[in-house]
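1. mind looking at a prediction? Sequence and model below.
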Amino acid sequence: MPSSATNTATILVFVALPEEHDRLLEWFPPHETISDPEHVFIEHDIQVDGFRMVSVLAKGMGIDNAYDATQAGISRFAPDLVVCIGIAGSLTSDLKIGDVGVCSEVIDVSQNMKITEVKPNRRRRPTKPGKAPRQAPPRTVIELSPKTLMVPPELSASFRFLRSHPTLKTDLAAWADQATLRREKQIGRIGGAGLDNELSQTPTAEIGSIISGPVVASGAFKEALKKIDRKVLSVETESSGVFRAAVNAKVPCITIRGISDHADINKNALERTTKQAARQLAADNAITYLALQLRNPTFMRIAASHLEEAGQPQLFQPNDSEPDKVLAKIAADLDSYLEKMSPEYKHRPNSANLPIPRISRDVIDDDIEDLEAKIPKAIFDAL
């Protein structure tokens, strides 16, 4: 049921993996299961007057599944805010295992990526006298075509508000203490994980760019991602799909990701050593950070404002649902009016310029023969 029909603002939470969804259910008990044949929808008990939270579980990982699940949730519930939540791999030393990254923008690198191997021009010197020089191994070159999906500034600012509000600042400190205890309980006593340095630091949350693309299993790919933006926080595989669906529906959207690894070749070894505990810790910290935001009036006001705006009557209603027909009618009306007002317009050739103000550039002696300079231009083109 659309939120506008109930005067209740709806927050749609997208989750990609069943294990992440299980943690969401642990922290936010189900109030009602409202699934359909295609997707799992659950309304959660958040105990906040005037708001409801509905989660949607994707059919699997990846941008396409994320788009489909988010689009289905938007079509069914008409949410006023979309949150993509889950785990991610860190791309910066500022984020350790169990920390949280919140996006100020999502950088989509899933499209038009090119990976090539370049052979070196020179051969390696032989390790022993008398042996022929060996060919150096090829070098992997990764070319990306990133596209930036922006978060509304007021939505990113609502997370910074946690650090300045007197009450919320205390809540944030309590969240960090609880995250520290969870980390100690879940992975602190596991030997051989190589996390001693990270376990000595208090969990934190950072706001910055998050990259959305394929799973990282290459050092070269990780370095290519880090070159996009020196402030990039992490990489994951769903946010761009979630954002595209939200942007199409004109719904504000943000991503909250817990750090489960460092997006490198040691990722699988870390997961085996910690017995998936790092993944659970990352999910728990991201979800509890969302819970912290549900007590943040600035964050919740964004959803409430969207609901209020959606309930306002539209000043202009298109008389046809097909944009091409609407534009064709506008063009025909303009032609009819101009022909009525200007007999010369009626007999103009099809390639003639419309009778709107045009300007010419001042021509000086040096370019008097420049024919292009003499042609009047539309004001917009000239500027």
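-> That came through fine.
2. low-confidence regions, the stretch 251-383 of the chain specifically.
-> For the stretch 251-383 of the chain, applying pLDDT under 70 flags the ranges 264-275, 312-328, 331, 335, 339-340, 342-357, 362-383.
3. for the strand or helix carrying Leu181, which outside residues touch it?
-> Leu181 is part of helix 166-186 when elements are defined by DSSP states H and E. Helix 166-186 has contacts (CB atoms under 8 Å, 6 or more residues apart in numbering) with 97-98, 161-163, 199, 202-204, 274, 277-278, 280-281, 284-285, 288-289, 292, 295-296. All C-beta spots, glycine's among them, are computed from the backbone N, C-alpha and C.
4. go on, stretch 93-101?
-> By CB under 8 Å, 6+ apart, the surrounding residues in contact with stretch 93-101 are 88, 90, 179, 182-183, 187, 195, 198, 201, 203-208, 210, 233-234, 256-261, 278, 281-282, 285-286, 289.
5. please repeat the previous calculation with a cut-off of 6 Å.
-> For stretch 93-101, the surrounding residues in contact (CB atoms under 6 Å, 6 or more residues apart in numbering) are 183, 195, 198, 201, 203-206, 233-234, 257-259, 278, 281, 285-286, 289.
6. report the buried residues of stretch 106-117.
-> Neighbour-count burial for stretch 106-117 flags Val106, Ile107, Asp108, Val109, Ser110 (criterion: 16 or more other CB atoms under 10 Å).
7. how about the CA coordinates for the helix holding Leu181, as PDB?
-> The C-alpha trace of helix 166-186 is given here as PDB (Å, rounded to 0.1, in the frame of the first residue of the first chain):
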ATOM      1  CA  PRO A 166      23.900  16.800  21.900                       C
ATOM      2  CA  THR A 167      21.700  13.700  22.400                       C
ATOM      3  CA  LEU A 168      22.600  12.000  19.100                       C
ATOM      4  CA  LYS A 169      26.300  12.500  19.800                       C
ATOM      5  CA  THR A 170      25.900  10.500  23.000                       C
ATOM      6  CA  ASP A 171      24.000   7.800  21.100                       C
ATOM      7  CA  LEU A 172      26.800   7.700  18.500                       C
ATOM      8  CA  ALA A 173      29.400   7.100  21.200                       C
ATOM      9  CA  ALA A 174      27.200   4.300  22.700                       C
ATOM     10  CA  TRP A 175      27.000   2.700  19.200                       C
ATOM     11  CA  ALA A 176      30.800   2.700  18.900                       C
ATOM     12  CA  ASP A 177      31.100   1.100  22.400                       C
ATOM     13  CA  GLN A 178      28.600  -1.600  21.500                       C
ATOM     14  CA  ALA A 179      30.300  -2.200  18.100                       C
ATOM     15  CA  THR A 180      33.600  -2.700  19.900                       C
ATOM     16  CA  LEU A 181      32.000  -5.300  22.200                       C
ATOM     17  CA  ARG A 182      30.400  -7.100  19.300                       C
ATOM     18  CA  ARG A 183      33.800  -7.200  17.400                       C
ATOM     19  CA  GLU A 184      35.600  -8.500  20.500                       C
ATOM     20  CA  LYS A 185      32.900 -11.200  20.900                       C
ATOM     21  CA  GLN A 186      32.600 -12.300  17.300                       C
END
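8. buried residues in that helix, which are they?
-> Within helix 166-186, the residues that count as buried by 16+ other CB under 10 Å are Leu168, Leu172, Trp175, Ala179, Thr180, Arg182, Arg183, Gln186.
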